[in-house]
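> The amino acid sequence is not available; the structure is as follows:
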């Protein structure tokens, strides 16, 4: 998955506005579902970001082509931890640890078998 | 209603990214509902932008304070037309004509009496 | 050029937030420059949206794949007019007329030979 | 500083899209400069987010009014650490630790006396 930096992503300092890197890694997670013809949520459940620890290493600029690498760090009973890195030409410019919590009927919940199966067919497979 | 221009609104050209002016005038429309303790949509209906004709006159910059003036131009049976202007220090920097269409159960529809009453208590009053 | 609809593009009404269609057509214009290894601006000049007339036909939704078609309508001495259409599966869901004005040293100006050459190698070629 | 949640901030899950909380705390930092008639950057320097550790506690929704509290945790020679909390009606819904690094002529650098004076008149005063 390649992400192009457009004007909308940049700010008056001439580089990508910091929150947009966090959008990029969300696109990568969602794309693993979309590419499999699935959505990451239903009427009943969703996966929400609970914790996000990030390190901004180098700025990206207009027209840059970026890629996102996603690695599964840990699978818990009610949340998972991912490592996500944004690369430009093989160089890491942003790193994040992301905790995704499972939410069912509006409340944090333990993964259902269906949720685990969905993760296996999407995020865990395409990372 | 005063709108401050933040980094997120600007782009690498050092001015406000063009679509953000269109966000600003939507904020002004929505604020007329929120300020009255109402929402511009329900389970059943919403108001959607059908037509938007805009003129970009002067760029806004980081830290600028902007205001939005909204004038009702025409009320039809199924949509309304508004004129919206963004001002900086009394000078118009952006102008738009906006057609808002009424949508009920997912389809364009004529205004219900409840919708007209809602508009009277909100957008038409606070414009 | 294919555009995927992500969560960031949608709003609480469950569809793409209206200004984002206007971002999508800007991406398409910029991509014609980036794909040719060029930028649409320099220290000296840029192309800015002066007029934008849009028609919102059908809503796009999360995970949709959209394409943008750009057609040159008219070339003036100091601005050009484009027709841009967003399609989903061959169906037009959004249409826009866009006037791009040439700006040189901060002021509207007639196209320089270099600007015309740049347009010929990028936007006019890849549309 | 009060932040209203608009449609642009929400996503198809009906709540504020996660990166927008991170925009809100940046607005609060910038506002402390703007309110004092200053900018957080010049031709020579800027403050950039180097580290951002966040905890998403409860979702915000359309029309919510939010406030941001900023506390200085630590002042180093080349960066500062802030604690920022987003509140809704007195309840914390989002927490972040932010490391802002000083950048001079494009490189990380130790604070100049002018930078310290600027921080004293803005971010440290209005927090």
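Cool, the structure landed. Every value quoted in this text rests on a predicted model; they were computed, and no experiment measured them.
> which element follows the longest strand seen in chain A toward the C-terminus?
Longest among the strand segments of chain A by residue count, using DSSP state E, is strand A:91-104. Counting by DSSP states H and E, the element after strand A:91-104 in chain order, helix or strand, is strand A:107-108.
> distance of residue A:54 from chain C?
Separation of residue A:54 from chain C (CB to the nearest CB, to the nearest Å) stands at 17 Å. Quick note: C-beta positions are derived from backbone N, CA and C, even for glycine.
> wait, residue A:116
In this structure, residue A:116 lies at 21 Å from chain C, with CB to the nearest CB as the measure.
> That residue: which element?
In this structure, residue A:116 sits in helix A:113-121 according to DSSP H and E.
> Alongside chain D, which residues does chain A contribute?
Among all residues of chain A, those adjacent to chain D (criterion: CB under 8 Å from any CB of the partner chain) are A:13, A:18-20, A:22-23, A:26, A:41, A:46, A:48-56, A:59.
> redo that, cut-off 10 Å
Within reach of chain D by CB under 10 Å from any CB of the partner chain, chain A has these residues: A:11-15, A:17-26, A:39-41, A:46, A:48-57, A:59, A:96-99, A:101, A:103, A:106.
> restrict the residues you listed to contacts with chain B.
When CB under 10 Å from any CB is applied, the members of these adjacent to chain B are A:11, A:12, A:13, A:14, A:15, A:17, A:18, A:19, A:20.
> Can you name the residues of chain A sitting close to chain B?
So chain A meets chain B at A:5-20, A:61-63 (CB under 10 Å from any CB).
> now, which of the residues you listed lie close to chain C?
Restricting those to those near chain C by CB under 10 Å from any CB leaves A:5, A:6, A:7, A:8, A:9, A:19, A:20, A:62, A:63.
> Pick out whichever of those residues sits closest to chain D.
Within those, the smallest distance to chain D is 4.4 Å, found for residue A:19 (CB to the nearest CB).
> Check which helices and strands the next helix or strand along the chain from the helix holding residue A:116 sits against.
With elements assigned by DSSP H and E, the helix or strand that comes after helix A:113-121 is helix A:123-126. Under the contact criterion of 3 or more CB pairs under 10 Å, 6 or more residues apart in numbering or on different chains; DSSP states H and E, helix A:123-126 touches helix A:19-34, strand A:65-75, strand A:79-88, helix A:113-121.
> any idea which of these is most buried?
Mean neighbour counts were compared across these using mean count of other CB atoms under 10 Å in any protein chain shown; the top stretch is helix A:19-34, at a mean of 23.
> Correct me if wrong: residue A:13 contacts residue D:46.
Yes: at 5.8 Å, residue A:13 counts as touching residue D:46 under the criterion of CB atoms under 10 Å.
> For stretch A:35-46, list every residue counted as buried.
When neighbours are counted by 16 or more other CB atoms under 10 Å in any protein chain shown, the buried residues of stretch A:35-46 are found to be A:40, A:41, A:45, A:46.
> Does it reach chain C?
Yes: when contact is scored as CB under 10 Å from any CB, part of stretch A:35-46 falls within range of chain C: A:35, A:37, A:38, A:39, A:40, A:41.
> so where is chain A shaky, pLDDT-wise?
Screening chain A residue by residue with the criterion pLDDT under 70, one finds the ranges A:126-127.
> who are the neighbours in contact with the residue nearest to residue A:64 when sequence neighbours are not counted?
Excluding the flanking residues, the one nearest residue A:64 by CB to CB, 6 or more residues apart in numbering or on different chains is residue A:5, at 4.5 Å. With contacts taken as CB atoms under 10 Å, 6 or more residues apart in numbering or on different chains, residue A:5 has the following neighbours: A:15-16, A:20, A:24, A:60-66, A:88, B:12, C:30, C:34.
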